[in-house]
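>>> okay, here's the prediction I keep looking at, along with the sequence it came from:
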Amino acid sequence: MAERLVLHIGAMKTGTTFLQSVLMTNPEPLAQAGVRFLGGRFGTQSLAVRDILNLPKAPKANRKRWQKLVAELAEPEVQVGVVSMEFLSFARPRHLAAFFEPLAGVDVEVVLTVRDMFRVVPAQWQTFTRNFGTDSWSKYQQRIVPGLLNRRGGQAAHTFHRAQDIETILDRWRTVVPDDRIHLVTVPGPEAPRDLLWRRFLEAANLPPIEVDLSQTKDNSSVGYASCDFLRRVNQDLGDVRPASYRNEMRPLINTALAPLRGSEGKPVLDRRTARYAARRNDELRHLLSDGPHPWVGELTDLPGLDALGDVARHSAPPELDEVRRSAEAAWTYASGSEPVPSGLSLDDLVHATARRMRQAYNWT
């Protein structure tokens, strides 16, 4: 039986895709260190974790994939198993009990990555728009800041705080894993060496230095401000599409048609109220690291204060409408192939027409 299992539980938008890609594309150097990314694929781990999160539905069937996954710990060449899946951060007590059922005799260590909230908020809005979200950037900020629109609930507030309430995530996991076995890692800023997060992860997970090839490693594909705004607009016409079909078709459209436009588009900028909220959360996270019970790796400066932003406008500027139109035209062209983009339409009418074209192309009836 393996000596240990390392569970990298998220949080979302904290470099999880990068770390998962490193783990998937470097099986040989990992194996030389006695380490295995269980199942070998993100999809395998995702399905196993999602099944457990579906409990108490189908209690026997929804345990099978996870049990099969962790059974690899019994293979003699595996000294340390690794699971990296951000949905683990959503686990509640009944799910945690199921995750730990087949792990008797295995030492479990948890790694939780945390990231600057100034960067997390726009990243979460993008994830929201890529999953049927319809709120504009300004409206999204109003919904997620405590004391504003999220008093009424809503999907934006629910998904944001479920993913980013780090203290709540830790409180749940502390019921099954001792404090000194829950390790926090700060995500370095964009100017840092590309392998720094990987090296921090190894240190937090008590793994030896493992030299990896980053040439095949992927970061999470993102889009610019205008393309995000196009997505939230077109989602207003696609709310009845089956989620699995939506994601299967939208992912390649986003990666192929919209992501290449990112360099020519602006970026969403936090408004003053949201910036103050993000600064307060960064301050709380710094205190959690410096004064809390958990070992951590990184730098407190990875979680900056409000002074790092300089002057912050009271309201966020909307995206340039010509850039939003270009995104709509790119989506139309991707979905329709050789058929020319309709001319003379307003932006709203072009978005509606593109939604209809997507329905036809993908058989979204």
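In hand now; what should we look at?

>>> got the contact list for Pro193?
With contact set as CB atoms under 8 Å, 6 or more residues apart in numbering, Pro193 has no partners. The way it works is simple: take the backbone N, C-alpha and C, and place the C-beta from them, glycine included.

>>> need the three-state assignment for it.
coil (DSSP: H, G, I helix; E, B strand; the rest coil).

>>> could you tell me the end-to-end distance of stretch 265-281?
Length of stretch 265-281, first residue to last, CA to CA, to the nearest Å: 28 Å.

>>> strands along the stretch 101-250 of the chain, start to end?
Using DSSP state E, counting those that start in this stretch, the strands found in the stretch 101-250 of the chain span residues 107-114, 182-186.

>>> out of those strands, nearest to Leu350?
Closest approach to Leu350 among the strands of the stretch 101-250 of the chain (CB to CB): strand 107-114, 39.3 Å.

>>> how big is the angle separating that closest one from strand 182-186?
30 degrees (axes from the mean of the first three to the mean of the last three CA atoms, to 10 degrees).

>>> what strands flank strand 107-114, and is each parallel or antiparallel?
Sheet pairing of strand 107-114 (DSSP bridges) gives strand 4-8 (parallel), strand 182-186 (parallel).

>>> which helix is the longest one in this structure?
Secondary structure assigned by DSSP state H gives helix 272-291 as the longest helix of the chain.

>>> follow-up on the earlier one: a markdown table for the strands of the stretch 101-250 of the chain, including mean pLDDT, distance to Ser346 and mean neighbour count?
Listed next are these as a markdown table, based on pLDDT from 0 to 100; distance: least, CB to CB, whole Å; neighbours: other CB atoms under 10 Å:
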| stretch | mean pLDDT | distance to Ser346 | mean neighbour count |
| --- | --- | --- | --- |
| strand 107-114 | 98 | 43 | 23 |
| strand 182-186 | 98 | 45 | 23 |
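
>>> that older thread, how about the strands paired with strand 107-114, which one is nearest Asp240?
Of those, nearest to Asp240 by CB to CB is strand 4-8, at 35.5 Å.

>>> burial measure for Gly337, as a count.
Other residues near Gly337 come to 7 when the count uses other CB atoms under 10 Å.

>>> equivalent analysis for Val120, please.
By the measure other CB under 10 Å, the count of residues near Val120 is 22.

>>> doesn't Lys13 make contact with it?
Yes - using CB atoms under 8 Å, Val120 makes contact with Lys13 at a distance of 5.3 Å.

>>> which residues do these two both contact?
Gln164.

>>> Asp311: neighbour count?
5.

>>> mind putting the strands of the stretch 101-250 of the chain in TSV, distance to Leu303 included?
Listed next are the strands of the stretch 101-250 of the chain as TSV, based on distance: least, CB to CB, whole Å:
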stretch	distance to Leu303
strand 107-114	7
strand 182-186	6
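
>>> just checking, what packs against the helix or strand that contains Arg325?
With elements taken from DSSP states H and E, the one containing Arg325 is helix 321-336. Applying 3 or more CB pairs under 8 Å, 6 or more residues apart in numbering; DSSP states H and E, one finds that helix 321-336 makes contact with helix 225-235, helix 243-253, helix 347-362.

>>> quick one: mean pLDDT for the first one?
In this case it means helix 225-235. For helix 225-235, mean pLDDT is 98.

>>> any idea how far that helix is from the chain center?
Here helix 225-235 shows a centroid-to-chain-centroid distance of 18 Å under the convention CA atoms, centre = their mean, to the nearest Å.

>>> now do it and helix 321-336, the angle between them.
Using the same axes, to 10 degrees: helix 225-235 against helix 321-336 is 60 degrees.

>>> name the residues that touch helix 225-235?
125-126, 129-130, 132-137, 223, 254, 258-259, 261-262, 265-268, 318-320, 323-324, 326-328, 331, 348, 351, 354-355, 358.

>>> for stretch 115-123, same thing?
11, 13-15, 137, 141, 144, 160, 164, 186-187, 189, 222, 267-268, 270, 274-275, 277-279, 281-282, 285, 302-304, 308-309.

>>> nearest to Leu69, of the helices and strands packed on helix 321-336?
Using CB to CB, those put helix 243-253 closest to Leu69, at 21.8 Å.

>>> other residues contacting that closest one?
Arg130, Asn131, Phe132, Leu238, Ala331, Tyr334, Ala335, Met358, Tyr362, Trp364.

>>> let's see that with 10 Å instead.
130-132, 221, 231, 234-235, 238-242, 258-259, 330-331, 334-335, 358, 361-364 (CB atoms under 10 Å, 6 or more residues apart in numbering).

>>> now those residues: which count as buried?
For the contacts of helix 243-253, a neighbour count by 16 or more other CB atoms under 10 Å gives the buried set as 130, 132, 231, 234-235, 238, 241, 258-259, 330-331, 334-335, 358, 362, 364.

>>> so which of these comes closest to Arg181?
Nearest to Arg181 among the buried ones among the contacts of helix 243-253: Arg130, at 33.7 Å, using CB to CB.

>>> which ones are touching the closest one?
Residues counted as contacts of Arg130 (CB under 10 Å, 6+ apart) are 221-223, 228, 231-232, 235, 246-247, 250-251, 254, 258.
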